[in-house]
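> Structure for this input, please:
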Amino acid sequence: MSETKNKLNLMGFGVFLLGLAALIFVISLNNSKVRYLLLQAIKPFQPADEVIIKAAPIPKAVPRENLVELDKKELRFLDIDHLRNGLLVKKSSKVLPVQQGSPLANEARKSSEYYKINIDLTYEWPRPATKIEELEVGSPYLGEMLPWLETRLEMAKVSPYFEELYGLKSQRIRRNQKEWSRLLTMHHAYDTQTILEIPSEDLSQGMLLIQSEMDVVSDGTDGDRLPKMNKSITESQHYQPFTSYQWRKVTQNPNPLLPLWERKYKEETDAKRKDYYRRGVVDLKKRSFLVAEYDPFIVIPVAFLRHSGPWSPSVGDYAVVIYQDKLYPAIVGDAGPSYKMGEASLRIAREIDSRSSAYRRPVEKLEITYLVFTQSAKRPFGQPDYESWKEACSQLLTTMGGLGENYALESWKDLLAK
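Predicted structure coming up:
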């Protein structure tokens with residue numbers, strides 16, 4: 001009986017609600033006051049947990065030309081402390097009270113000068129390290145390895161390349177200041193601790209001491225020594241088959257990237273690009289190059305290689321790479337971007353850290369010291385001879401003053417020997 005009574009009550013309440021709705025629609029459609037009173041009358045019967053949410057209006061898009069080019073995340077509210085490239089964002093606000101010349105509110109609305117955000121990009125050059133204690137922060141065994149270095153630093157000069165490098169970085173920063181995502185990372189903004197010109201005691205040999213970090217280069221091909229390479233390389237649209245250090249082919253083995261470059265040449269429609277591929281095909285047919293995965297070499301900014309003189313590095317110059325208590329013989333094998341310093345082949349990188357790759361540096365900090373013996377290259381160039389390279393580096397170190405007790409150059413095993 002009770003259940004039947006409840007059903008009748010619910011039916012009665014439903015009829016009541018229908019009646020009220022009809023009443024609203026018929027007699028008060030155009031009478032806002034009556035409609036309001038009727039709605040208030042039925043409000044107590046609405047479910048208590050019902051919430052009506054009104055969507056906020058979508059703001060109109062700001063014209064692209066009025067936006068500073070920031071990363072997508074940065075465009076939201078500028079509520080940032082650091083950019084993804086490591087730059088610190090310092091925020092402050094300034095409120096000016098009424099003063100002589102202050103605008104009326106309707107005047108201020110018409111101008112962008114009274115309520116604005118000023119963005120100042122600051123890039124301060126570092127000073128070069130010139131003392132042994134400064135150099136040993138990154139290379140703690142340097143004084144022991146090169147016992148003559150501390151005294152020779154008194155004769156050393158800061159190379160003009162140090163200023164040139166940071167000048168080139170500054171140019172790039174200015175060029176990209178409206179596109180924050182293209183600004184130099186903190187890593188590359190300060191990638192060089194020093195570049196010093198250090199002469200031998202008899203002034204017969206010059207040496208650049210460069211303290212930096214180590215990015216990884218993975219370029220290079222040689223059909224004579226390595227006629228087959230992984231498919232990921234032979235079909236890559238980004239892998240560079242060339243290095244600045246190169247020599248005439250000695251076998252008929254075709255370069256493994258020749259088919260790809262012939263196809264690029266055939267399919268290219270842009271005249272400049274087509275000529276680039278044409279010249280590349282010619283080189284791949286006639287010449288061989290270093291292979292970064294197997295050959296120990298370092299990279300020097302291309303801007304440095306355009307200079308000439310006793311303190312100017314050149315392709316083929318002998319070099320020694322120092323990390324911790326190890327010294328690795330190498331050569332200057334390639335040219336890199338003018339605004340970056342500190343790059344070596346994948347072979348050297350993996351000797352320092354076996355996990356290294358084109359996307360993983362072996363050393364992030366400024367803990368690599370490069371000794372480049374300027375104007376020491378032996379021509380004509382030929383296939384890498386690691387023992388010959390080691391012997392040349394050893395002789396050059398002896399000319400500079402020799403190695404300390406219990407230190408010696410590392411040896412390289414020829415991984416491509418047949």
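
> mind checking the SS state of Lys390?
Three-state call for Lys390 (DSSP: H, G, I helix; E, B strand; the rest coil): helix.

> Hmm, Pro329 and it touching each other?
Yes - here Lys390 reaches Pro329: they are 4.4 Å apart, a contact under C-beta atoms under 8 Å. (Glycine included, C-beta is placed from N, CA and C.)

> which of those two has more neighbours?
Comparing Lys390 with Pro329 by other C-beta atoms under 10 Å, the one with more neighbours is Pro329, at 24 against 21.

> Next, the buried residues of the helix or strand hosting the more buried one.
Using DSSP states H and E, Pro329 maps to strand 326-336. Along strand 326-336, these residues count as buried under the neighbour rule (16 or more other C-beta atoms under 10 Å): Leu327, Tyr328, Pro329, Ala330, Ile331, Val332, Gly333, Asp334, Ala335, Gly336.

> just checking, the second one touches Leu409?
Yes - in this structure Tyr328 lies within contact range of Leu409 using C-beta under 8 Å: 7.4 Å.

> any idea how far Met229 lies from His307?
34 Å (C-beta to C-beta, to the nearest Å).

> same deal with Leu366?
24 Å.

> between those two, who's got more neighbours?
Ranked by neighbour count (other C-beta under 10 Å), Leu366 and His307 place Leu366 first, with 20 against 13.

> what does the strand or helix carrying that one rub up against?
Per DSSP H and E: Leu366 is located in strand 363-373. Strand 363-373 has contacts (C-beta atoms under 8 Å, 6 or more residues apart in numbering) with 135, 138-139, 142, 187, 190-193, 205-214, 298, 300, 313, 317-324, 332, 342, 344, 352-353, 393, 396-397.

> Next SSE downstream of the least confident helix or strand in the chain by mean pLDDT?
Every helix and strand of the chain was ranked by mean pLDDT, DSSP states H and E. The lowest is helix 32-42, at a mean of 46. Next helix or strand after helix 32-42 toward the C-terminus (DSSP H and E): helix 105-109.

> Quick check: what element follows that following helix along the chain?
helix 132-138.

> residues of that following helix that come out buried?
Buried-residue list, helix 132-138, by 16+ other C-beta under 10 Å: Leu135, Glu136, Gly138.

> how close does the residue most central in space within the chain get to Val321?
Of all residues in the chain, the one closest to the mean position by C-alpha atoms, centre = their mean is Thr185, 6.0 Å from it. From Thr185 across to Val321, the span is 23 Å (C-beta to C-beta).

> for Pro254, same thing?
Relative to Val321, and taking C-beta to C-beta, Pro254 is found at 33 Å.

> The two - which one has more neighbours?
Val321 (26 against 13).

> partner residues bridging that one?
Beta bridges link Val321 to Tyr328, Tyr370 when assigned by DSSP bridges.

> isn't it right up against Ile348?
Yes - Val321 is in contact with Ile348 according to C-beta under 8 Å; the separation is 5.9 Å.

> Overlap in contacts, those two.
Pro296, Ile298, Tyr328, Ala330.

> how about the strands in the stretch 251-400 of the chain?
Ranges of strands in the stretch 251-400 of the chain, per DSSP state E, counting those that start in this stretch, are 287-289, 297-301, 318-323, 326-336, 343-345, 363-373.
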